[in-house]
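J.: Below: sequence and its predicted model.
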Amino acid sequence: MNGLPRADLPGFQSDQPERLILASGSPRRAQLLTAAGYEFTIQPASDGAECGICSRETAPEMVARLAYRKAADVIARVEDGLVLAADTVASCVGQILGKPSDRDHAEEMLRLLSGRDHDVYTGVCLWSRRHECFVADVVRTRLRMSVLTEEQLTEHLDSLRWDGKAGAFGYQDGNDWLEVVGDDSESNVVGLPMERLAELLENFEQNAEKIETPTIDSIESTDSSCS
Ligand SMILES: Cc1cn([C@H]2C[C@H](O)[C@@H](COP(=O)(O)OP(=O)(O)OP(=O)(O)O)O2)c(=O)[nH]c1=O
């Protein structure tokens, strides 16, 4: 993942650009932004913004919804800033794989993924507090996992490297049993599609949708989408 692209933040003609706020507690997302050369502060969304898997929702629909919710959660708490939120899941044979809850859950996910092609989706939402507008998108990366041997599986589970990572693998850990298919985005797998983020920033002013910035109360009272 060398040479990650960086774009200037939207300036809205003569205005000073808003400062970038990463609405995420993911160390991987912060590392990617830093590696690309962005300056930013971190303000993670509250746990309530990330309610889980909804029935009948596809993986791209889910990450789009959660990225939006995380951005809305943080935008309601800041006075100024360009809020960046994201959500990442893996998807395999119709199953959506988020972060494993424990070792058994991680093993279940890895046994499903073993020997299969699968997709990782990241939803991104960029929301300007000052200008009350946002852009959002979803990026897919296709991955191929070799058939895992019992030794590989046990080594990975024992290492705890699955913890906090959607799908229970960690592309950034350089496992030789996992590869990106074709030219799809590698950073997207790790939590932020840096190429698409740069495009979203470059075209923010033309593409942003106007929206009234929500209040914390309005977010908490619209928490019924996951029932
Ligand atoms: C697929 C994959 C995911 N991940 C990580 C990226 C994300 O941190 C995490 C997916 O969980 P998310 O819910 O997207 O993010 P998060 O809970 O870590 O942080 P926040 O909600 O505060 O933004 O999985 C990897 O590090 N490597 C991988 O190969």
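T.: Looks like it came in fine.
J.: where along the chain do the strands fall?
T.: Under the criterion DSSP state E, the chain contains strands at 20-22, 41-42, 82-92, 95-97, 117-128, 133-145, 178-180, 209-210.
J.: Neighbouring strands - and their directions - for the longest one?
T.: Think strand 133-145. strand 117-128 (antiparallel), strand 178-180 (antiparallel), strand 209-210 (antiparallel) (DSSP bridges).
J.: Mind putting the strands of the chain into CSV with distance to residue 30 and mean neighbour count?
T.: Heads up, the C-betas are built off the backbone N, CA and C, glycines and all. Shown next, in CSV, are those (distance: least, Cβ to Cβ, whole Å; neighbours: other Cβ atoms under 10 Å):
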stretch, distance to residue 30, mean neighbour count
strand 20-22, 6, 21
strand 41-42, 6, 12
strand 82-92, 11, 25
strand 95-97, 23, 20
strand 117-128, 15, 25
strand 133-145, 19, 20
strand 178-180, 22, 16
strand 209-210, 27, 9
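J.: Throw these into CSV and include distance to residue 62 and mean pLDDT, thanks.
T.: Formatted as CSV, the strands of the chain follow (distance: least, Cβ to Cβ, whole Å; pLDDT from 0 to 100):
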stretch, distance to residue 62, mean pLDDT
strand 20-22, 21, 98
strand 41-42, 23, 98
strand 82-92, 6, 98
strand 95-97, 6, 97
strand 117-128, 8, 98
strand 133-145, 9, 97
strand 178-180, 21, 97
strand 209-210, 20, 87
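J.: quick one, longest helix in the chain?
T.: helix 59-75 (DSSP state H).
J.: Can you give me the buried ones in that one?
T.: 59-60, 62-75 (16 or more other Cβ atoms under 10 Å).
J.: now, among the residues you listed, which is nearest to the ligand?
T.: Minimum separation from the ligand among these (Cβ to the nearest ligand atom) is found for residue 70, which lies at 6.0 Å.
J.: shouldn't the closest one be in contact with residue 24?
T.: Yes - shown here, residue 70 and residue 24 form a contact pair, counting by Cβ atoms under 8 Å, at 7.1 Å.
J.: okay, and the common contacts of these two?
T.: 45, 85-86 (Cβ atoms under 8 Å, 6 or more residues apart in numbering).
J.: Residue 200 versus the nearest residue to residue 11 once chain neighbours are set aside, what's the distance?
T.: Nearest residue to residue 11 in three dimensions, chain neighbours excluded: residue 17, at 5.0 Å (Cβ to Cβ, 6 or more residues apart in numbering). Shown here: residue 17 relative to residue 200, a distance of 14 Å by Cβ to Cβ, to the nearest Å.
J.: Take the shared contacts of residue 70 and residue 24 and lay them out in a markdown table including distance to the ligand.
T.: A markdown table is the format used below for those (distance: Cβ to the nearest ligand atom, whole Å):
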| residue | distance to the ligand |
| --- | --- |
| 45 | 6 |
| 85 | 7 |
| 86 | 6 |
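J.: which among those residues gets closest to residue 36?
T.: residue 86 (14.1 Å; Cβ to Cβ).
J.: can you pull the contacts of the closest one?
T.: 24, 26, 29, 63, 67, 70, 122-125, 191-192.
J.: Find the pair from these with maximum spatial separation.
T.: 26 and 125 (14.3 Å).
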